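>>> With the input below, show me the fold.
(chains A and B, ligands or ions: 2)
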2 protein chains.
Amino acid sequence: MERDDSRIQHQGLKDLVVSADVAASWIQDGMTLGLSGFTRAGDVKALPHALVERAKTEPFKVDVFTGASLGSDVDKIFAEAGILRKRLPFQADVTMRRKMNEGEFHFVDQHLSHTSEMLRANTLDQIDIAIIEAIAVTEDGEIIPTTSIGNSLAFAQNADEIIIEINLAQTKDLQGVHDLYAPGKQGERQPIPLTKPEDRIGTQGIPVDMSKVKGIVFTNQADSPSNIVPPDEETNMIADHLINFLKQEVEVGRLTKSLAPLQSGIGSVANAVFHGLLESDFEDLKVYSEVLQDSVFDLLDAGKVTFASGCSITLSDEKMKEVFGNFDKYKDQLILRPQEISNHPEVIRRLGLISINTALEMDIYGNVNSTHVRGTKMMNGIGGSGDFARNARLGIFVTKSIAKDGKISSIVPMVSHVDHTEHDVDVLVTEQGYADLRGLAPRQRVELIINNCAHPMYRDQLREYFQEALTRGGHTPHVLEKALSWHTQYEKEGTMQQLVAIEA
Amino acid sequence: MERDDSRIQHQGLKDLVVSADVAASWIQDGMTLGLSGFTRAGDVKALPHALVERAKTEPFKVDVFTGASLGSDVDKIFAEAGILRKRLPFQADVTMRRKMNEGEFHFVDQHLSHTSEMLRANTLDQIDIAIIEAIAVTEDGEIIPTTSIGNSLAFAQNADEIIIEINLAQTKDLQGVHDLYAPGKQGERQPIPLTKPEDRIGTQGIPVDMSKVKGIVFTNQADSPSNIVPPDEETNMIADHLINFLKQEVEVGRLTKSLAPLQSGIGSVANAVFHGLLESDFEDLKVYSEVLQDSVFDLLDAGKVTFASGCSITLSDEKMKEVFGNFDKYKDQLILRPQEISNHPEVIRRLGLISINTALEMDIYGNVNSTHVRGTKMMNGIGGSGDFARNARLGIFVTKSIAKDGKISSIVPMVSHVDHTEHDVDVLVTEQGYADLRGLAPRQRVELIINNCAHPMYRDQLREYFQEALTRGGHTPHVLEKALSWHTQYEKEGTMQQLVAIEA
Ligand SMILES: CC(C)(COP(=O)(O)OP(=O)(O)OC[C@H]1O[C@@H](n2cnc3c(N)ncnc32)[C@H](O)[C@@H]1OP(=O)(O)O)[C@@H](O)C(=O)NCCC(=O)NCCS
Ligand SMILES: CC(C)(COP(=O)(O)OP(=O)(O)OC[C@H]1O[C@@H](n2cnc3c(N)ncnc32)[C@H](O)[C@@H]1OP(=O)(O)O)[C@@H](O)C(=O)NCCC(=O)NCCS
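Ligands and ions are numbered 1, 2, ... in the order given. Model prediction:
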């Protein structure tokens, strides 16, 4: 095992260096593990792989808590090895998704700002071992995280024991970019003293009781690159509509040219929107988000964005080399925070974010499903979308108006699962246009959503549903026995189209 | 018209006193009005009645924004007179409910902490005239509210003109109980400096630009008393289960004997729970809620509660005489705040409230419907329940397990409308027991909810649904074509019972 003792500055800890196999052997059946890692960045790599090796000869099950999704195939191999009992609060792996939809293990889908709070309040299982990727351990006993912070602070503070995985592939230049702050217990805490995205309020590392450190493992493996799909015609159109909406808000005087701090979910639409900002008239923009993707760095390079706060840096292969090869260039313009702070309602509401997240489907009244395919099968999880949409100045949801070559309409009579209620959804955007729902009653939203967001091939069907619903009356009219029939029809016939005609 | 000029201390305003009829004549077709009033307390009384008189001879329509529901039959007569175009953010009147479910006017159902924010950001219609009940106008130009604050601060600050209704029936002793604080624009504001329920952070009155005051009307009419249904066997059982749950939390060390600041919705269950606290071992309790009901004053009298913060005081006839006849006794233990502050996510999360609200129905996965009967007909509105449940330390929802003599199960396979997603619902309580859902995956919650909360007469039916759903798989298993069939069956057959047998 390659090791670099200059990364361990704290007295006494050097003796604790062990191999990943040895560290993995400490993990016992039934334990709860808190792993660093958020959206493929800053996850521990050597130990999880060693753990899966061990599972080949020895049966055991563990609960795995993380920041969000992991890279390095960890969620995949954990799921395949069958070593999971419970997983939370988010994942995004195809294999894991399949296994959990089959009920092989329990997945607890949480608002990403809530996990740390629950650990602090002792309402989730106690963390037996926190396993945290680091660039170094400082002389005064702080763990310096790598490309994400996620829940690592809460894991380290609430765990019985800590294993540190020092990753030599992560640039030491990251030191100084982190800002670790824990709000303290509810009822005893002070306001979070953050009023601007660029405010530093904490320490550069995770302060830990070093007597809890059980071992240190070395690894040398880069983060998994992001798997962003390049923009296509539709995502570019979504971006254009969204930018037009924002321009409109500037014109009527609700926003200035520097808008408001921007949050955006991961993925191709988010990337397309941020790309669109490059060519826009907006200026002096700031980002206050979870994940910082390629486009944030393009915007920093272009001088469009002057500061970006996030809780992880998740980049493509190419961009990773560029950014981490020259990190000093960005250091004054970046802060990484715990996800509890990047996603904290207090801060999101205070700053008045513009928040852009992706929906699977939306209904004619503005309710949004971000997680459950046809109400049952989990995609990834709600992530931070609820933290943001509820508290942002503008809760914007984007999606393509159709999926599966038009066999699925993403605008339906009633969503098959609700993650974001009509109260939290301000603006919907598809490649067809945008619907600004603020201050409108349910019946007022319908025509706007159908006209501006639904695909033309589904507009008449949606109107027919609404007309029939109107004959039943109510504040939010529905034909209950047909409300989910588009979904059941898709399961039976393979398409949502012509449903009305078929049923009639 | 009775008048008392000692209530108008500000220079020059005395000349502005007019009759309610004259003031009503200023209101023009198409205007947006911001009326004081929250849960039957502190609503303007003379002017709305004069306005309805005027409507007998002259057709016009207005938008009416308030704090929450109004007393004095105002919502009823507004609805009957047909003068409404839009109403927000909450109501609780039978006639109004019927008319809006028939689509006669638009109702916008909002989180109660959001309305002020939207007015400040200029994303709702501009308020033409704010009409605010007061005990007095001070020398330095502050309007002193009466028994509620609601959205009055935001209305006064964002209106073009202000009409003040001085109510001589409201005790002057209320002066000093209010604490008016507005957070400022998003992006420019500081943290809300409130860390304890008893913290005073603002002014005693609503500071207004006196040149905006167009008129002053005098009235002399008490608030409408609350219409609480007395506790019955079921509400007492719900209260017992809930208190047992809280005791349990103390035993395992998550709470102390003084619990955490309590919030509770209005109604008989809330009152029963608070009554139960009287005989409990808990001590030195604090209330941080919206509405302060009779039971809060009983708890203050008994020394169980040492401080109560709310945004309105809504009492029964008898209690009103007792409390307002002797208000000095309570003054040091009470604060009334704007609903933006009583319901602010920042404060709720910081204080770590225990939040108790009522559901219409809940599903086997923990989603809650608080507003829409059978997914379509609005009862009252979401009120503050979303502000509280999302951000509280404990988001607790209570309901009786059955309604309409058992023809309706309040635990259903899938709620017909979602106000609170599974992510925001920690504990469910019915007269059958409680289900603590924290940290559980959807499939883990089902048996707990069925066993502990569902009525015995519906348990087998629920289990059968779940068993069939399991054969379809998924993270949240459902039989989509039957998910809402309990509701449609009720509409057709008048009962949810035996649905499985009937369909089979
Ligand atoms: C909603 C979400 C799954 C969309 O992801 P995406 O990758 O941008 O979306 P895509 O359009 O590529 O769709 C993903 C898949 O869902 C399918 N899909 C899209 N809409 C669908 C619908 N209405 N019904 C069924 N399937 C649908 C697509 O066809 C695609 O299927 P495939 O993987 O078999 O090709 C994702 O954004 C997410 O997990 N969001 C929730 C968490 C979140 O918002 N995080 C960010 C802020 S913290
Ligand atoms: C949910 C809510 C309507 C319950 O009110 P409540 O008066 O305590 O409840 P009740 O048990 O008396 O039920 C009210 C009515 O709904 C009916 N009802 C109850 N459960 C039902 C169900 N599952 N399906 C259909 N009807 C139902 C009752 O039969 C009763 O009908 P009736 O008026 O014809 O007699 C009320 O608490 C509310 O509006 N909540 C939302 C706002 C809120 O939480 N505010 C407080 C915090 S801010």
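>>> any idea how far ligand 1 is from the residue in the stretch 301-450 of chain A positioned nearest to ligand 2?
Proximity of the stretch 301-450 of chain A to ligand 2 (Cβ to the nearest ligand atom) peaks at A:H423, 11.9 Å away. Backbone N, C-alpha and C define where each C-beta goes, glycine included. Using Cβ to the nearest ligand atom, to the nearest Å, we find A:H423 at a distance of 17 Å from ligand 1.
>>> same check, this time on A:D363
Distance, A:D363 to ligand 1, by Cβ to the nearest ligand atom: 11 Å.
>>> Skip the chain neighbours and tell me the closest residue to that residue.
A:V415 (4.6 Å; Cβ to Cβ, 6 or more residues apart in numbering or on different chains).
>>> Can you report how many residues lie near the one you found?
Counted with other Cβ atoms under 10 Å in any protein chain shown, residues neighbouring A:V415 total 28.
>>> ok, how many other residues are close to the residue lying closest to A:I266 once chain neighbours are set aside?
Of all residues not flanking A:I266 in the chain, A:V291 sits nearest, at 4.9 Å (Cβ to Cβ, 6+ apart). By the measure other Cβ under 10 Å, the count of residues near A:V291 is 28.
>>> so A:N391 touches B:P345, yeah?
Yes. At 5.9 Å, A:N391 counts as touching B:P345 under the criterion of Cβ atoms under 8 Å.
>>> anything in contact with each of the two?
Common neighbours of A:N391 and B:P345, counting by Cβ atoms under 8 Å, 6 or more residues apart in numbering or on different chains, are A:345, A:349.
>>> Compare those two and say which is more crowded by neighbours.
Under the criterion of other Cβ under 10 Å, the comparison of A:N391 against B:P345 puts A:N391 first, with 29 against 24.
>>> Spit out the contact partners of that one.
A:345, A:348-349, A:353, B:345.
>>> where does it land on pLDDT?
pLDDT, A:N391: 97.
>>> Same check on A:V269?
pLDDT, A:V269: 83.
>>> and it, helix, strand or coil?
helix (DSSP: H, G, I helix; E, B strand; the rest coil).
>>> Give me the longest helix you can find in chain A.
Counting by DSSP state H, the longest helix found in chain A is helix A:233-251.
>>> Is there any residue in the very next helix or strand once past it that contacts chain B?
Once the chain leaves helix A:233-251, the next helix or strand it forms, by DSSP states H and E, is strand A:262-264. No. Using Cβ under 8 Å from any Cβ of the partner chain, strand A:262-264 never reaches chain B; the gap is at least 12.1 Å.
>>> What helices and strands are in contact with strand A:262-264?
helix A:268-278, strand A:285-288, strand A:354-358 (3 or more Cβ pairs under 8 Å, 6 or more residues apart in numbering or on different chains; DSSP states H and E).
>>> hmm, that strand in reach of ligand 1?
No. Strand A:262-264 stays clear of ligand 1 (Cβ under 6 Å from any ligand atom), getting no nearer than 7.6 Å.
>>> Stretch A:101-110 now?
No. Applying Cβ under 6 Å from any ligand atom, one finds stretch A:101-110 out of contact with ligand 1, separated by at least 9.5 Å.
>>> What residues sit buried inside that stretch?
Buried residues in stretch A:101-110, counted by 16 or more other Cβ atoms under 10 Å in any protein chain shown: A:101, A:105-110.
>>> mind saving the C-alpha coords of it as CSV?
Presented in CSV, the C-alpha positions along stretch A:101-110 are these (Å, rounded to 0.1, in the frame of the first residue of the first chain):
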residue,chain,number,x,y,z
ASN,A,101,-37.4,-2.1,-5.9
GLU,A,102,-37.5,-5.9,-5.4
GLY,A,103,-37.5,-5.3,-1.7
GLU,A,104,-34.0,-6.9,-1.1
PHE,A,105,-33.1,-4.2,1.4
HIS,A,106,-34.7,-1.1,2.9
PHE,A,107,-34.1,2.3,1.4
VAL,A,108,-35.1,5.4,3.4
ASP,A,109,-35.6,8.4,1.1
GLN,A,110,-34.9,11.6,3.0
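>>> For chain B, tell me whether that stretch is touching it.
Yes. Contact of stretch A:101-110 with chain B (Cβ under 8 Å from any Cβ) involves A:101-103, A:106-110.
>>> Nearest to ligand 1, out of those residues: which one, please.
A:D109 (9.5 Å).
>>> Just confirm that closest one is within a helix.
No. Counting by three-state DSSP, A:D109 is not found in a helix; it is coil.
>>> What residues does it make contact with?
By Cβ under 8 Å, 6+ apart, the contact set of A:D109 is A:88-90, A:371, A:378, A:381-382, B:422-423, B:475.
>>> Just the residues contacting stretch A:202-210, thanks.
Contact with stretch A:202-210 is made by A:10, A:12-13, A:132, A:138, A:141-145, A:152-153, A:156-157, A:162, A:175-176, A:178-182, as judged by Cβ under 8 Å, 6+ apart.
>>> buried ones in that stretch?
Result for stretch A:202-210 [16+ other Cβ under 10 Å]: buried residues A:202-208, A:210.
>>> Next up, phi/psi of A:I144, please.
Phi and psi for A:I144, reported as degrees, to the nearest 10, are phi -90, psi 110.
>>> contact partners of stretch A:227-236?
Contacts of stretch A:227-236 (Cβ under 8 Å, 6+ apart): A:239, A:266-269, A:271-272, A:275-276, A:293-294, A:316, A:400, A:431.
>>> Is ligand 1 within reach of that stretch?
No. Stretch A:227-236 does not reach ligand 1 (Cβ under 6 Å from any ligand atom); its nearest approach is 6.7 Å.
>>> got the buried residues for that stretch?
For stretch A:227-236, burial by neighbour count (16+ other Cβ under 10 Å) applies to A:228, A:231, A:234-236.
>>> Equivalent analysis for stretch A:427-438, please.
Residues of stretch A:427-438 classed as buried: A:427-437 (neighbour count, 16+ other Cβ under 10 Å).
>>> Reformat these into CSV and put pLDDT, distance to B:S72 and secondary structure next to each item.
Below are the buried residues of stretch A:427-438 laid out as CSV (pLDDT from 0 to 100; distance: Cβ to Cβ, whole Å; DSSP: H, G, I helix; E, B strand; the rest coil):
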residue, pLDDT, distance to B:S72, secondary structure
A:V427, 98, 37, strand
A:L428, 98, 39, strand
A:V429, 98, 43, strand
A:T430, 98, 46, strand
A:E431, 98, 50, coil
A:Q432, 98, 47, coil
A:G433, 98, 44, strand
A:Y434, 98, 41, strand
A:A435, 98, 37, strand
A:D436, 98, 35, strand
A:L437, 98, 32, coil
